[in-house]
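Asker: any chance you can model this:
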Amino acid sequence: MADTSISQVLSESHTVIYGGSEESKPQANEVSLGMIHETLVRIESRLSNIETNSVSLEKRLHIIENKMNNIDRLSENLASLETKMSKVEREMHQVKKTAEEAENSAKTISEMFDSATTKTERDLKKCLKEESSKLDEKFKISIQAIEKRNEEIQSSVTDLKSRSMRDNLIFSGIPENRNEDCEVVLQDFLDRKLNIQDVSFERVHRMGKYREYSEKPRNIVAKFSFYKDREKVRTRAPRKLKGSQIWVNEQFPPEIEDRRKNLYPVMRQAKADNRRVKLVRDILYIDGQIYAPEDTSKPHTVNENPTHVRSSAQNPGHAQNKKTTEDRQLLKRARIGSTPERT
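Answerer: Presented below is the predicted three-dimensional model:
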């Protein structure tokens, strides 16, 4: 049926049955065969349509088959892709795991570093503190040694100054002329007021610059050639010059003079109380006892009954501690207290 059409088959069947002539066909059968023929034609037409549809369906199936093949290839590609994706996922998981391990390692290292840094800082601070304490202690010891040495040097310098001024006296209140000879003026003063003659001097001069319109005369500083002459003038002056406006005082370095000025109020108060008073350089004796204020560098408040008097006989150790080297050297010389300056 694929090579021969249905109409040809029917035609050949009709010829075999009724012969080659159309007239020899029976009339009754003619109607039936015509109907059959028409039916068969319709069937043929339908079969043709079916065949056509089959061809179309074949084409469609072929297309579907091609598409299915494509789908199969896609499936294979998808399977391969899935395999690759699985491999990538495994690798990513491994990378993530490695990254987490690296992060944990970095965190551990950071903690170890922070701990080591903290410990190092703590140890460094402790070491620096210890070294600083040692340096401070050494510095304090050095400063104390320097201060002690400085005090010793200052004491030695003050003692040397005092020794260089040992033969000096200061005369205050002697009238002054512009072109005077100080030594002649002083010789005349000693002769008239103290009845002392033939005194030899090494130097005699007035202190400071001359001021023409100054009412107060400048002090005269005299360096005696002989200590005995100096002591004769110093011991006679308080009796001979009492009530006058002229004073004779020993000359001391500024350090000793400042300490003496702080002792003058105490000495005057003790004298007013009819107590025995003697001032030897910068040491005050009241009734034979050394007056030892807590701080002679500050002005002392005068009390009616001084309480800062200590007896060296009652407490020799304490008195010895209060005395400096220059004080002990001074006490070796028997010297009479000087007249304090008028304040």
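
Asker: could you check how far Gly288 is from Lys278?
Answerer: 9 Å (C-beta to C-beta, to the nearest Å). To be clear about C-beta, it is placed using only N, CA and C from the backbone, and glycine gets the same treatment.

Asker: ok, these two, which is more surrounded?
Answerer: Shown here are Gly288 and Lys278; by other C-beta atoms under 10 Å, Lys278 has more neighbours (15 against 11).

Asker: which SS class is the more buried one?
Answerer: Three-state assignment for Lys278 (DSSP: H, G, I helix; E, B strand; the rest coil): strand.

Asker: show me the beta-bridge partners of it.
Answerer: Tyr285 (DSSP bridges).

Asker: pick out the least confidently modelled helix or strand of this structure, by mean pLDDT.
Answerer: Lowest by mean pLDDT, DSSP states H and E among the helices and strands of the chain is helix 316-322, with a mean of 40.

Asker: just the helices in the chain please.
Answerer: Remark: helices assigned in the chain by DSSP state H are 6-18, 27-164, 182-189, 227-240, 254-272, 316-322, 325-331.

Asker: can I get the ones you listed in JSON lines including distance to Lys209?
Answerer: JSON lines is the format used below for these (distance: least, C-beta to C-beta, whole Å):
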{"stretch": "helix 6-18", "distance to Lys209": "166"}
{"stretch": "helix 27-164", "distance to Lys209": "23"}
{"stretch": "helix 182-189", "distance to Lys209": "14"}
{"stretch": "helix 227-240", "distance to Lys209": "26"}
{"stretch": "helix 254-272", "distance to Lys209": "19"}
{"stretch": "helix 316-322", "distance to Lys209": "41"}
{"stretch": "helix 325-331", "distance to Lys209": "32"}
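
Asker: excluding chain neighbours, what is closest to Asn168?
Answerer: Leaving out its chain neighbours, the residue that sits closest to Asn168 by C-beta to C-beta, 6 or more residues apart in numbering is Gln251, at 4.0 Å.

Asker: quick check, pLDDT for that neighbour.
Answerer: Here the pLDDT value assigned to Gln251 is 89.

Asker: also the one 3 residues further on?
Answerer: Pro254 is assigned a predicted lDDT (pLDDT) of 88.

Asker: just checking, Asn219 touches Ser172?
Answerer: Yes - judged on C-beta atoms under 8 Å, Asn219 makes contact with Ser172 at a distance of 4.9 Å.

Asker: count of neighbours near Tyr285?
Answerer: So Tyr285, with other C-beta under 10 Å, has 18 neighbours.

Asker: contacts only, for it.
Answerer: The neighbours of Tyr285, taking C-beta atoms under 8 Å, 6 or more residues apart in numbering as the test, are Arg276, Val277, Lys278, Leu279, Tyr291, Gly337.

Asker: which one of those residues sits closest to Ser200?
Answerer: Gly337 (25.1 Å; C-beta to C-beta).

Asker: can you get me a residue count around Glu250?
Answerer: Other residues close to Glu250 by other C-beta under 10 Å number 23.

Asker: give me the distance between it and Ile143.
Answerer: Taken as C-beta to C-beta, the span from Glu250 to Ile143 is 35 Å.

Asker: one more: Arg230?
Answerer: If you go by C-beta to C-beta, the gap between Arg230 and Ile143 works out to 41 Å.

Asker: quick one, which of the two is more surrounded?
Answerer: Arg230 (20 against 11).

Asker: quick check: that one touching Ile170?
Answerer: No - in this structure Arg230 lies outside contact range of Ile170 using C-beta under 8 Å: 11.6 Å.

Asker: spit out the contact partners of the residue nearest to Asn168.
Answerer: Contacts of Gln251 (C-beta under 8 Å, 6+ apart): Met165, Asn168, Leu169, Ile170, Val221.

Asker: want to throw those residues into CSV with neighbour count, distance to Ile64 and pLDDT?
Answerer: Shown next, in CSV, are these (neighbours: other C-beta atoms under 10 Å; distance: C-beta to C-beta, whole Å; pLDDT from 0 to 100):
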residue, neighbour count, distance to Ile64, pLDDT
Met165, 17, 139, 88
Asn168, 17, 143, 93
Leu169, 22, 147, 94
Ile170, 17, 143, 93
Val221, 17, 143, 95
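
Asker: closest one of those to Glu121?
Answerer: Nearest to Glu121 among the contacts of Gln251, with distances taken as C-beta to C-beta, is Met165, at 62.0 Å.

Asker: contacts only, for the closest one.
Answerer: Glu250, Gln251, Phe252, Pro253.

Asker: where does the stretch 151-300 of the chain dip in pLDDT?
Answerer: Residue ranges of the stretch 151-300 of the chain with pLDDT under 70: 294-300.
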